[in-house]
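Colleague: Show me the folded form of this:
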Amino acid sequence: MSTALHPQILVVDDDATIREAIAEYLGKNELRVTAAASGAEMMRALDEHAINLILLDLRLGDEDGMQLARKLREYSPIPIIIVTGKQDDADRIMGLELAADDYITKPFNLRELLARTRAVLRRYQTASGVLSERADTRRAYRFSGWELNLRTRRLTAPQGDRIELTNGEFSLLQAFCTAPQRVLSRDQLLELSRLNSTEVYDRSIDVQILRLRRKIEADPSQPQYIKTERGVGYIFISPVESMH
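Modeller: Numbering: from 1, shown residues only. This next block holds a predicted model:
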C-alpha cells in the first residue's frame, strides 16, 4: 500500500455522473481518484497506479461485478468497498463473504462514502503495519502439513487439496500464522484481519473462527489448531514455519 500523503482511490462505475461526483468530492477531501467504467479499465488502472482502495459497483452494464470482485481478490489484497442497490441483500452478503471489506448502498450520501473510505483505509494501514513487521518478505506459512500462500491467497491441505477461503477467513488465518502460540484478543484479531467495520461487532470473530475451524480442523468441536482462551481470546497452537 502506498505511503503517499493522499491515498489513491479507484472508482469503478459505468455511470459517468457518479464517477465525476465521487472524484470531485473525494478530491476535495485529500484523496486522489482514478476512475474506470469497466473491468478492463479497472485492471489497466491497477497496473498503472498505486491504488490504495477500490470502490466497486456490482452493477456494471453487462459485466458481473461479483466476478470482478473475485478477480480483484486473486490479483491483490487491496481493500474493496462494494456498491449495491438497496434491495440487493444477497449481493451484499456474498460480496462481504468473498472479497469486500465494506459496502455502501445506492443512493448514498457522499459524506458517508468518505467516512467509510477513511475507516477502511485506517484499518488496512493498521493491519498492514502490524503484519509487515514480520511478513514483508514472506511468501507463505506452513503448519502441520498445511500451506497458506500469501501471494496467491490459497490454502493447501496436507493431502494437496485446495481449500477455498473467504477474504475474512484468509485474513484471520494469516493473523494467526503471524502470531502463533500467542493468545490474541478479539480486538487484536479484528485489527489484524480487518473485520471491524460499522457493520461488524466482536462476535463476528467467533463466527469467522467457527467457519475457519470447519475448514482446517478434523473435528471442529475438538479443535487442534485454534484453541479458545475463555474470557481472553484465541490461540493458534501449531508451530508455524515461514517460507520466503
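
Colleague: pretty sure Ala179 contacts Phe236?
Modeller: Yes. The pair Ala179 and Phe236 passes the contact test of C-beta atoms under 8 Å, sitting 7.4 Å apart. To be clear about C-beta, it is placed using only N, CA and C from the backbone, and glycine gets the same treatment.

Colleague: Look at those two and report which has more neighbours.
Modeller: Neighbour totals were compared for Ala179 and Phe236, and Phe236 leads with 21 against 18 (other C-beta atoms under 10 Å).

Colleague: contacting residues around the more buried one?
Modeller: When contacts are counted by C-beta atoms under 8 Å, 6 or more residues apart in numbering, Phe236 touches Phe143, Phe176, Cys177, Ala179, Pro180, Gln181, Arg182, Tyr225, Ile226, Lys227.

Colleague: ditto for Leu114
Modeller: For Leu114, the contact set (C-beta under 8 Å, 6+ apart) comprises Tyr25, Leu26, Asn29, Leu31.

Colleague: redo that, cut-off 6 Å
Modeller: Asn29 (C-beta atoms under 6 Å, 6 or more residues apart in numbering).

Colleague: Any figure for the gap between it and Pro239?
Modeller: 44 Å (C-beta to C-beta, to the nearest Å).

Colleague: residue ranges with poor pLDDT in this protein?
Modeller: Residue ranges of the chain with pLDDT under 70: 1-5, 74-76, 86-88, 91-92, 97-99, 125-137, 193-203.

Colleague: domain assignment for it?
Modeller: As assigned by automatic domain parsing, the chain contains the domains 8-131, 137-243.

Colleague: Turn the contacts of Phe236 into TSV, including distance to Leu60 and secondary structure.
Modeller: Shown next, in TSV, are the contacts of Phe236 (distance: C-beta to C-beta, whole Å; DSSP: H, G, I helix; E, B strand; the rest coil):
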residue	distance to Leu60	secondary structure
Phe143	39	strand
Phe176	35	helix
Cys177	35	helix
Ala179	39	coil
Pro180	41	coil
Gln181	45	coil
Arg182	43	coil
Tyr225	39	coil
Ile226	38	strand
Lys227	44	strand
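
Colleague: Switch these over to TSV, and while doing so, append distance to Gly85 to every line.
Modeller: Converted to TSV, these look like this (distance: C-beta to C-beta, whole Å):
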residue	distance to Gly85
Phe143	41
Phe176	36
Cys177	37
Ala179	39
Pro180	42
Gln181	45
Arg182	43
Tyr225	39
Ile226	36
Lys227	42
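
Colleague: Among those residues, which one is most surrounded by other residues?
Modeller: Neighbour-wise, those (other C-beta under 10 Å) top out at Phe176, 28 neighbours.

Colleague: how near is that one to Leu189?
Modeller: 8 Å.

Colleague: quick revisit: looking at the contacts of Phe236, spot the one nearest Ile78.
Modeller: Top of the list for closeness to Ile78, among the contacts of Phe236 and by C-beta to C-beta, is Cys177 at 20.6 Å.

Colleague: mind listing what that closest one touches?
Modeller: With contact taken as C-beta under 6 Å, 6+ apart, Cys177 is in contact with Tyr141, Val240.

Colleague: Try it again at 7 Å.
Modeller: Tyr141, Phe143, Leu148, Val240 (C-beta atoms under 7 Å, 6 or more residues apart in numbering).
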